[in-house]
Every structure is written in structure tokens, then in C-alpha cells.
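*Asks:* Turn this into a structure:
(2 chains)
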Amino acid sequence: MPKQEQFVKEITDMNVDFARWYTDVILKTELVDYGPVKGTMIIRPYAYAIWENIQAELNARFKKTGHKNAYFPMFIPYSYLVKEAEHVEGFAPEVALVTHVGNEELPEKLVVRPTSETIICDSYAKWVKSWRDLPILINQWANVVRWEKTTRPFLRTSEFLWQEGHTVHETPEEAQEETLKMLEVYREFAENVLAIPVLVGRKSEKEKFAGAQATYSMEAMMLDGKSLQAGTSHYFGDNFSKAFDIKFASKEGDLKYVYQTSWGTSTRMIGALIMAHGDNRGLALPPKVAPVQAIIIPIAAHKGGVNEKAEEIKNALEEAGVRVEVDYRDQSTGWKFNEWEMKGVPLRIEVGPRDLENSVVTVARRDDFTKDQIKIDELATAIPALLDVIQKNMLEKARAFRDSHIVITKDMDELTAAVNNGNFAKAMWCGSRECEDKVKEMTSASTRVMPFDQTPVGTKCVCCGKNLLKEDGTTDGKVIYFAKAY
RNA sequence: CGGGGUGUAGCGCAGUUGGUAGCGCGCAUGGUUCGGGACCAUGAGGCCGGAAGUUCAAGUCUUCUCACUCCGACCA
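*Replies:* The predicted structure is shown next:
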């Protein structure tokens, strides 16, 4: 077997078994390793570097929209968790509890935060006295623990890293505006940084966050046609402020409850990157989050002058703001080519004796596998420009894939066929929980989001067939996406 | 939590009717190589997932556990 084929075979063919492909890729590329405790993962340097890039991009956006970072404790008194009825019902089954210190039992058991609404609301109740104290716009980067029954690295682990924004406002309108503003921040980030086109919209009652009045999310389509909820933004109304007694003296002098939001994204987005852009050679990372944007491979380095030139190019590119490394390891070039492709590095720069004779290097793209010669003295402008081209191309490629995998469906047969063939089904829905449950039961697809554009795509409920057309020509019911989900 | 699969060197695997552990890759050292997974030489590396049992003897048989993995149900 040729070496190239042998290499490809080391990763499961993604078209044959996507789940195994995913596991193969994340382990072989050293993104992640399993922790000793069930459901835990070790985020290795390569994945952590991606996370740091994500953090930097998001932090810039959060700060631009007026938010400040803070940090709250990871231990929450159990009594806090139970204050908001829906919230505790949603999270109680999966919270880890601390009951002992050494051999002594604690007077009150502690919750290891699954999310921080309760402990943050406790502080907010102390900090908010007057309308002058509002709004409070705080974000926190933290780890959270949810003892899930089934786990997969990045997608669902017992502990994961995330950011959670928690804001309080004077009025419902202001809080609703905040909820949608942060959803838009997420959408823009997903598309322009992760190169993942997302569907945004409102969640059904069934799918919304425990304790929220409305949940919005961005849904990303993976290459197997399943949906990954990649970020959520919640409008709480006064649910939590009533439970935690967060009141302020209004301009008019009366006491009012605040209106709140929370919004979050997690290391799950790394899973989204992998499953939205990968291929049979492994990862393909968008330049904006790639830990290494360009890898320089010296060829026939023993021939002299090659390593020196490679180092020179590296310095010039670093100067130009490119995250670049030189692979000086004593391995064959073919091995290095394949390894860096597997690791998803957007650009490979080959520096060899033949190139140097002509003062050029050979530049190979990870996104479309094209190769070009570029003059060495033009690299400092050409490489950043090329990275931009790749970033945009990856988004367009993902968008084309997504758009070609959304099917408008009119009835259950069409819906079933669509989701079983790796598509999202866009459909009309009467809005009943019965239909939502029935679709789930029959197809294993769940409702994902109701898009803001509610232009009808039919006149009857996809499930029960109820006529949704009203006499005045408008349509009752909701346009919604159904999909199998992670 | 239900149903399948897998645990033997870092990784991938072999190990016969029970007899005390092997191969490939990788790793280390030295040398030759280098434009798509090079080669030679030498070398290191294992309580066979864990516990109990059967036996003169267990990687192999029995029971129990644990972990990972895939498919469902539940969730970011």
C-alpha cells in the first residue's frame, strides 16, 4: 500500500463512520486526552491554544459591548440552587455535590457550579439598590461541572470551560435587547472567526434553559448533518430577581425587580470547528483560531542555507503578525506534510534548495490543496492576505454545505427522509408540545430554532397536518428547524 | 440508564486444546538520507484494566467490577 493511502487509513473514513473519525482525529492531533475520571478530558496545548484564540476574540467583543470580566466562586450553597424552581429541576440531576471535608460532614452541602446564575444573583441582590446601579454587565470565564451520563470530548464532558455573561437591567425591553445583542455577537463571531455559518433563533418551550422565559441559540450544522447548539442567550425576565430578591429603587421612587439575561459559549465550539471543517486528512482550522497559521517545512536542510532561510522567513512573518513555526524535526518531509495537514494548519510553506535558487517558496493551502510559488520578499504581505482568503473560503464552503442540506418539508414522510439523510428539515409547526414530542419519538430529530424570518414555508403543521392558514391570509404556527443534534 | 463492542509495551495488534509474552510502528543512541509517511545498526520499554475464584499452573476458564467506545433516552 502506498504510504499516503496508509496514512489516510489511520483515520477512520468520515463518510463511513463519522463518530469514530471524530474520536480518531481529536486523539491523533493531540487536541485532547481522556482524564482518569469518567467523562473528564485533558485539553492539551494544541486545543488550549485554540481556546485562547477564541477567548481573545470573544473578550474583545464583550468589552466592546460594555461588559467587564469577573470571577465568582465555584462552590454554591445548596440552598441557592433550589431558590428558582425550574432551575433546580433542570440541573439537580446532574450537579456534583461536596458533602465532606476530610472526614467531617459539612453543615450545608455545596454544589459545584453547573452554571452560576444562583451565586451571581446572590451578589447582585446585594449590589443593586438604585436605578443608578443598573445595568450590571458582567462576564465570567470559568469551568463548570455537569455530571452527564454520556460524554464525548468537547461535545459533552463532566467538566468544561466556558464563558457566562450575566446582566441585570431596569426594564424588560432593555434585557430583551441585551439578549438579542449577545446572540448577534455570537453569530458574528461564529461566522467570521470560526467560519461556521449558524442558524439563529428562538428555542421552543421544551428546549429552553431551565429558569428562562426565552432562550435563543445558534445552531451549527456538522458534516454529518447533525446540529450542534454552539451558543445560547437567555432572557430571564424577573424569574431570578423574584427568587433572589433583586430589587432597586426606580426613578419614580418605588421598588422594582430587575430584568436579567445570561448567555454562554463553551469549549464545545472546538468540537464544532472539528466537525464543521474537517476531512479525511484530519482537521482544517480557520486561520483566525489556528494556533499555527503557517508551518515552514525546510526541505533537504542538510544542503545548507535552507534552515537559515527558513528562520529568516519565520522572523519576517512573525513581524507581519502571522503565527508561524518552523518544523526542524528530523523526519521525512512527507511525514511532516501529512502531520501538519492532519493538524489543520491553514498554510504550509516549503523552503527547499530548488525554491531558493529562484528566491521563492512553495505555499500549499489546507482548504483547497492548491500549491503556489510566492516570492520570498513578498511573503510578509502575501501570507496574511492568503490567510484572509482561506478564512473567507472556509466560511463560504461551510455555508454552501449547510444551504444544500436544508430541506423544506411538508409532512412527516418528508421530514423523516430529510433528517435521516443528514439534512436539517425546515417546516411549519403548529406549536404544540405533542407534535414536537412525536417528531422526536418517530425521527429522533428535535426542534432546533425558530428563525427570526418567519416567512411561511407551508400552510399545515408538518406533524399533525392542522391547517395553519388564517382567513386574512397570514399563517398561524411557527417556521422551525428540526434536526438530529449533538 | 438500556443495547452492542473493546481492554496485552506510547500506538496498532497477535497470542493455538491453560504451561509463565511476541510482532509492526513509534521511542533512545550513532550513521546515511530528505520536493508527499526513508534506511542500517544497537538498545530501552509489560503485575496482560482491576478483584476474587477454579487449577500443580491463568493473558487464556468462571464470577464480579472499572474504564473507554458505538447506538438510543437526558443534556451545552
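*Asks:* Would you map the strands across the stretch 151-300 of chain A?
*Replies:* A:159-169, A:198-202, A:214-221, A:227-237, A:247-249, A:255-257, A:259-266, A:294-298 (DSSP state E, counting those that start in this stretch).
*Asks:* can I get those in CSV with mean neighbour count and distance to A:Ala364?
*Replies:* Where C-beta positions appear, they are placed from N, C-alpha and C, glycine not excepted. Formatted as CSV, those follow (neighbours: other Cβ atoms under 10 Å; distance: least, Cβ to Cβ, whole Å):
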stretch, mean neighbour count, distance to A:Ala364
strand A:159-169, 22, 33
strand A:198-202, 22, 29
strand A:214-221, 25, 27
strand A:227-237, 25, 29
strand A:247-249, 18, 59
strand A:255-257, 15, 59
strand A:259-266, 26, 32
strand A:294-298, 25, 9
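*Asks:* pLDDT (mean, whole number) over the longest helix anywhere in chain A?
*Replies:* For chain A, the longest helix by residue count, based on DSSP state H, is helix A:379-403. In this model, helix A:379-403 carries a mean pLDDT of 98.
*Asks:* Return the list of strands paired to the helix or strand following that helix, each annotated with direction.
*Replies:* With elements assigned by DSSP states H and E, the helix or strand that comes after helix A:379-403 is strand A:406-408. Sheet pairing of strand A:406-408 (DSSP bridges) gives strand A:424-429 (parallel).
*Asks:* Give me the distance from the partner strand to the chain's centre.
*Replies:* 23 Å (Cα atoms, centre = their mean, to the nearest Å).
*Asks:* pLDDT (mean, whole number) over it?
*Replies:* pLDDT averaged over strand A:424-429 gives 96.
*Asks:* any idea of the angle it forms with helix A:379-403?
*Replies:* 50 degrees (axes from the mean of the first three to the mean of the last three Cα atoms, to 10 degrees).
*Asks:* Using PDB, write out every CA atom in the helix or strand following strand A:424-429.
*Replies:* Using DSSP H and E, the helix or strand that follows strand A:424-429 towards the C-terminus is helix A:433-443. Written as PDB, here are the backbone C-alpha positions of helix A:433-443 (Å, rounded to 0.1, in the frame of the first residue of the first chain):
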ATOM      1  CA  ARG A 433     -45.700  20.000  22.600                       C
ATOM      2  CA  GLU A 434     -47.400  16.900  21.400                       C
ATOM      3  CA  CYS A 435     -46.200  17.400  17.800                       C
ATOM      4  CA  GLU A 436     -42.700  18.300  19.000                       C
ATOM      5  CA  ASP A 437     -42.500  15.100  21.100                       C
ATOM      6  CA  LYS A 438     -44.000  13.000  18.300                       C
ATOM      7  CA  VAL A 439     -41.400  14.100  15.800                       C
ATOM      8  CA  LYS A 440     -38.700  13.400  18.300                       C
ATOM      9  CA  GLU A 441     -40.100   9.900  19.000                       C
ATOM     10  CA  MET A 442     -40.500   9.000  15.400                       C
ATOM     11  CA  THR A 443     -37.300  10.500  13.900                       C
END
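*Asks:* Are there helices or strands packed against helix A:433-443, and which ones?
*Replies:* Applying 3 or more Cβ pairs under 8 Å, 6 or more residues apart in numbering; DSSP states H and E, we find helix A:433-443 packed against helix A:412-420, strand A:446-447.
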